[in-house]
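Trainee: no FASTA, just this:
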């Protein structure tokens with residue numbers, strides 16, 4: 001029997017995939033304490049784990065801070081994570097010294113789980129609710145200029161908050177060590193090796209377990225007419241304007257429509273619904289997806305995983321850069337199309353694109369088979385119980401970083417040599433043009449070089465014989 005301490009941030013998308021794994025651990029006789037928040041008490045207690053409320057340690061937020069969190073501001077989320085860690089310090093010191101966990105199972109962005117595992121030298125397994133994330137997979141994250149500016153200007157504030165952790169004995173290498181995956185940390189990722197971008201670069205400290213779900217339902221697409229399911233998740237879902245356009249799009253279409261609109265929206269504000277529509281605060285999403293022919297989704301990782309698990313192709317409508325990364329991967333496997341025009345006509349055309357082309361459903365079905373062949377929750381529980389893990393293979397991420405550094409040095413030397421040549425051949429006053437160009441070109445050059453090195457390493461890994 002293992003004593004397992006489980007930690008997660010107050011977010012459904014991060015908590016939900018941990019729950020089936022926790023239930024599996026409990027069913028094996030493990031002593032599991034889940035440190036979470038009252039909103040999730042019922043869900044957690046249903047797994048059989050001991051629920052430990054942490055609501056007392058949530059800081060009070062100003063209206064601006066709350067607005068920033070709703071906008072999924074990375075700076076604001078990071079600062080609040082640090083403040084919650086500090087508020088929980090004394091409480092978790094007592095918990096770690098009395099409960100004496102054998103392993104910590106913590107969400108990847110739950111600072112208080114990670115930092116206390118390191119502080120008390122307890123083996124840790126990270127729960128990764130999206131793709132495993134490093135400098136390669138980050139290429140999938142296309143941040144807007146506003147988001148980039150927010151990160152840059154927010155760094156000094158985050159750094160000041162991080163400094164407050166040191167007097168309490170919390171050790172960390174950098175901010176990135178708290179949020180980014182590395183090849184030495186045991187991690188459970190809720191997708192398959194085929195769906196994970198750049199999978200070859202990740203070490204065997206990663207278990208690609210596949211979607212973590214309770215449902216044993218199989219896809220069943222046999223019904224008189226197509227079923228369209230619409231949901232924008234649990235965070236940015238107060239969109240009466242969008243739901244109204246969906247109603248207009250399918251009012252007179254030979255389809256049935258189910259909308260899961262969240263608890264914030266007043267359904268009555270949508271007016272009288274057509275007979276082919278159902279609008280509900282929440283649904284059993286896996287059950288609905290098992291029957292749906294098309295899913296209009298915000299592209300949260302859980303929603304996309306559940307959709308593919310149930311062989312349902314998607315109309316992709318991401319609201320954040322992380323969701324856009326997931327949407328990109330769905331496009332790459334051919335299981336979805338973008339909603340570029342969110343007018344009623346645009347929504348109708350996007351759904352018709354999916355329904356009229358069998359290739360989308362075929363791609364989703366193939367991914368469903370792939371997901372169902374993964375280790376699943378039982379494999380994830382095995383992985384947690386046997387932590388910490390050791391890896392005998394070469395760390396390709398470190399090797400890639402060394403190659404990147406060498407390539408960058410060669411690029412810088414070339415820039416300097418060309419600058420010296422130009423200094424003798426043209427007027428020095430024009431050199432600034434060359435310098436600006438050299439700096440601007442360094443970013444695409446770095447990405448091109450990194451991807452070339454990755455392909456070389458991935459190819460060599462595929463050729464390496466598997467030990468018998």
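Mentor: Thanks, I have the structure now. Only a predicted model underlies this, so the values are computations on that prediction, with no experimental measurement involved.
Trainee: Let me see the contact set for the most centrally placed residue in the chain.
Mentor: Residue closest to the average C-alpha location in the chain (CA atoms, centre = their mean): residue 130, at 2.2 Å. Contacts for residue 130 were tallied using CB atoms under 8 Å, 6 or more residues apart in numbering; they are 301, 322, 325, 326. In this view, the C-beta of every residue, glycine as well, is placed from N, C-alpha and C.
Trainee: Could you point out which residue ranges in this protein have low pLDDT?
Mentor: 61-73, 143-151, 237, 427-430, 462-468 (pLDDT under 70).
Trainee: tell me the secondary structure for the residue nearest to residue 343 when sequence neighbours are not counted?
Mentor: Closest residue to residue 343 apart from its sequence neighbours, by CB to CB, 6 or more residues apart in numbering: residue 245 at 6.4 Å. Following DSSP: H, G, I helix; E, B strand; the rest coil, the label given to residue 245 is helix.
Trainee: burial of residue 245, as a residue count?
Mentor: Residues lying near residue 245 (other CB atoms under 10 Å) number 18.
Trainee: Is it correct that it is in contact with residue 344?
Mentor: Yes - with contact defined as CB atoms under 8 Å, residue 245 counts as touching residue 344 (4.6 Å).
Trainee: Over to stretch 233-253 now: how far is its first residue from its last?
Mentor: Length of stretch 233-253, first residue to last, CA to CA, to the nearest Å: 25 Å.
Trainee: And that stretch, what's buried?
Mentor: By neighbour count on 16 or more other CB atoms under 10 Å, the buried set for stretch 233-253 is 233-239, 242-243, 245-247, 249-250, 253.
Trainee: Over to stretch 167-181?
Mentor: Buried, per 16+ other CB under 10 Å, within stretch 167-181: 170, 172, 178, 179, 180, 181.
Trainee: between the residues you listed, which is nearest residue 314?
Mentor: Residue 314 lies nearest to residue 181 out of the buried residues of stretch 167-181, by CB to CB, at 25.2 Å.
Trainee: Might one say that the closest one is in contact with residue 134?
Mentor: Yes - in this structure, residue 181 is within contact of residue 134 by CB under 8 Å, at 5.3 Å.
Trainee: shared neighbours, these two?
Mentor: Contacts common to residue 181 and residue 134, judged by CB under 8 Å, 6+ apart, are residue 202.
Trainee: Do a quick rundown of the helices in the stretch 151-300 of the chain.
Mentor: 175-179, 240-250, 285-291 (DSSP state H, counting those that start in this stretch).
Trainee: what's the closest of those helices to residue 413?
Mentor: Per CB to CB, nearest to residue 413 of those: helix 175-179, 27.2 Å.
Trainee: neighbouring contacts of that closest one?
Mentor: By CB under 8 Å, 6+ apart, helix 175-179 touches 78, 108, 109, 111, 114, 115, 133, 158, 159, 162, 172.
Trainee: and if you look at stretch 322-335?
Mentor: Stretch 322-335 has contacts (CB under 8 Å, 6+ apart) with 72, 130-131, 137, 140-142, 195, 197, 298-301, 304, 308, 313-314, 316, 318, 336-338, 359-360, 363-364, 367.
Trainee: What about the residues you listed, which are in helices?
Mentor: 301, 304, 308, 359, 360, 363, 364, 367 (DSSP state H).
Trainee: can you redo the residues you listed as CSV with neighbour count?
Mentor: CSV is the format used below for the ones in helices among the contacts of stretch 322-335 (neighbours: other CB atoms under 10 Å):
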residue, neighbour count
301, 23
304, 29
308, 29
359, 11
360, 23
363, 19
364, 25
367, 25
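Trainee: for those, which one is nearest residue 45?
Mentor: residue 301 (24.8 Å).
Trainee: thinking the closest one is in contact with residue 127, fair?
Mentor: No - using CB under 8 Å as the test, residue 301 is too far from residue 127 to be in contact (11.8 Å).
Trainee: got any residues that touch both of the two?
Mentor: Common neighbours of residue 301 and residue 127 (CB under 8 Å, 6+ apart) do not exist.
Trainee: Next, format the contacts of residue 130 as CSV and append distance to residue 446 and secondary structure.
Mentor: Shown next, in CSV, are the contacts of residue 130 (distance: CB to CB, whole Å; DSSP: H, G, I helix; E, B strand; the rest coil):
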residue, distance to residue 446, secondary structure
301, 27, helix
322, 22, helix
325, 19, helix
326, 24, helix
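Trainee: Pick out the most distant pair among the residues you listed.
Mentor: 301 and 325 (9.1 Å).
Trainee: what residues do the two have in common as contacts?
Mentor: Common neighbours of residue 301 and residue 325 (CB under 8 Å, 6+ apart) are 130, 131.
Trainee: And the ones in helices among the contacts of stretch 322-335, which two are furthest apart?
Mentor: 301 and 359 (23.3 Å).
Trainee: Is the residue nearest to residue 8 when sequence neighbours are not counted bridged to anything, and to what?
Mentor: Nearest residue to residue 8, sequence neighbours excluded (CB to CB, 6+ apart): residue 107, at 4.3 Å. As for beta bridges, residue 107 partners with residue 127 under DSSP bridges.
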